[in-house]
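Undergrad: Give me the fold of what follows.
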Amino acid sequence: MHRTLFCLLSLAITLPLAAEDKAPAPPEGFTPIFNGKDLSGWSGGSTWWSVEDGCLTGVTDGKLDFNRFITWKEGKVKNFELRVKVKVTKGGNSGLQYRGQERPDLGEWVVTGYQCDVVPDKDDYNGMLYEERGRRILAHTGEKVIIDTQAQPWVVGKLPIQSFPSEQWHDYRVLVEGNHHQHWIDGVQTVDVIDLDEKGRALEGVIAVQVHRGPPMKIQYKDFLLKHLPDDLPLVTPAQAPVPTDAVKVVPQGGPPKKAAK
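TA: Residues are numbered from 1 along each chain as shown. The predicted structure is shown next:
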């Protein structure tokens, strides 16, 4: 009698603990691409990248000569939705690279291509669309943009800009359908971009994350989830997305203030 009661009590205590240890199932259609234990499936320099507290972690000492990346090696992405939790130290600068190209000819662990920026100390950069070693700033945070067939980005609308402080976890979301790019932080949309530049745009490539040259920093990623969308989603055409006559040019990096188009 006492032995049976002891076994039942032990079972009652053990089951909830086991349930707590089990990771929650990802949303329907999403697959984890980082296991939270080691760097299996990823490739990057061990000088900067490791797993810490279950997070994909990048660390620099302020002596980095150029930006370095760690790349997800289990496939390329075309149309997709990406969700990930991100935390970066004050002054840190990182990014979610997608549809990227690995370019060892440009340097060790270099990836070019589209990037959702992670820059908490600059509200108009955090969550923007940047092209690493390419067309550079394609849309600042808070901008709806059409990139015309000649590679010129035009601001055609505005989105509210919010602050997402460093040293805290934030939910980043990237949705890419054809040549339509959208980013969110904590459910707040940061950019909406249509890329009509056939020569400059990419329709497929790798996922990677970045450590940026500059001040010392630590960037951490966890709950990295990917959902592949159909490959045959239609592309927006120039006829479907004409640039309004009152649109203004996106300010290039280091460029002067925007002036109205003539």
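
Undergrad: from here on, contacts and neighbour counts on C-alpha atoms
TA: Will do.

Undergrad: Kindly check the end-to-end length of stretch 70-81 for me.
TA: In stretch 70-81, first residue to last residue: 19 Å (C-alpha to C-alpha, to the nearest Å).

Undergrad: and that stretch, which residues are buried?
TA: Neighbour counts over stretch 70-81 (16 or more other C-alpha atoms under 10 Å) mark Ile70, Thr71, Trp72, Lys76, Val77, Lys78, Asn79, Phe80, Glu81 as buried.

Undergrad: In a markdown table: those, plus secondary structure, distance to Met128 and pLDDT.
TA: A markdown table is the format used below for the buried residues of stretch 70-81 (DSSP: H, G, I helix; E, B strand; the rest coil; distance: C-alpha to C-alpha, whole Å; pLDDT from 0 to 100):
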| residue | secondary structure | distance to Met128 | pLDDT |
| --- | --- | --- | --- |
| Ile70 | strand | 20 | 98 |
| Thr71 | strand | 20 | 98 |
| Trp72 | strand | 21 | 98 |
| Lys76 | coil | 22 | 97 |
| Val77 | strand | 20 | 98 |
| Lys78 | coil | 20 | 98 |
| Asn79 | coil | 19 | 98 |
| Phe80 | strand | 18 | 98 |
| Glu81 | strand | 16 | 98 |
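
Undergrad: quick one: which of those is nearest Thr245?
TA: Asn79 (30.5 Å; C-alpha to C-alpha).

Undergrad: That closest one contacts Leu226, correct?
TA: No. Here Asn79 lies out of contact with Leu226, judged by C-alpha atoms under 8 Å, at a distance of 10.6 Å.

Undergrad: Is Thr190 in contact with Val118, as I believe?
TA: No. Thr190 lies out of contact with Val118 (C-alpha under 8 Å); the separation is 11.5 Å.

Undergrad: For these two, indicate the residue with more neighbours.
TA: Thr190 (30 against 27; other C-alpha atoms under 10 Å).

Undergrad: so the more buried one is in which element?
TA: With secondary structure defined by DSSP states H and E, Thr190 is part of strand 188-195.

Undergrad: List the contacts of that strand.
TA: Contacts to strand 188-195, defined as C-alpha atoms under 8 Å, 6 or more residues apart in numbering, come from residues 126-129, 139-148, 159-162, 179-184, 201, 236, 241.
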